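In: structure of the sequence below:
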Amino acid sequence: MDGHDPENSKQSTTDMTAFVQNLLQQMQTRFQTMSESIISKIDEMGNRIDELELSINDLRTEMGQEGSPSPSAPLKAKEEPKSADE
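Out: Purely as a prediction, here's the structure:
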C-alpha cells in the first residue's frame, strides 16, 4: 500500500469542506453584525448632527443673527419643500 486510504481521504475532504463552510458562515455572520453596527452608528451620528444644527440655529435666532450666512442650516431650511422627493 502507498499509505493513502481512499475512504479516509474522502472523509478528510468532507470534513475539511464542512469546516471551511462553517468558518465562512461564521465570518459572514460577524461581518453582517459589524455592518449593521456601523450603519446604526452612522445614523446616530447623523441624528446628532441634525440636533446640533437645530441648536445652533436656535442660538443664532436668540442672538438676532438669523441672517448670517451658514453653509448648511439655512440652505436646508429653504430647500426642504423642494427636496420632498428625496
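
In: tell me which strands and helices the helix or strand hosting Glu53 is in contact with?
Out: Glu53 belongs to helix 6-63 when elements are defined using DSSP states H and E. Helices and strands touching helix 6-63, by 3 or more C-beta pairs under 8 Å, 6 or more residues apart in numbering; DSSP states H and E, are helix 73-79. C-beta: built from backbone N, CA, C; applies to glycine.

In: quick one: mean pLDDT for the helix it packs on?
Out: When pLDDT is averaged over helix 73-79, the result is 48.

In: again, but for stretch 21-37
Out: Here the average pLDDT along stretch 21-37 is 98.

In: now do the buried residues in that stretch.
Out: Of all the residues in stretch 21-37, not one is buried under the rule 16 or more other C-beta atoms under 10 Å.

In: what's the answer for stretch 5-15, then?
Out: Buried residues in stretch 5-15, defined by neighbour count with 16+ other C-beta under 10 Å: none.

In: quick one: Thr17 and Gln11, what's the gap?
Out: For Thr17, the distance to Gln11 equals 11 Å [C-beta to C-beta, to the nearest Å].
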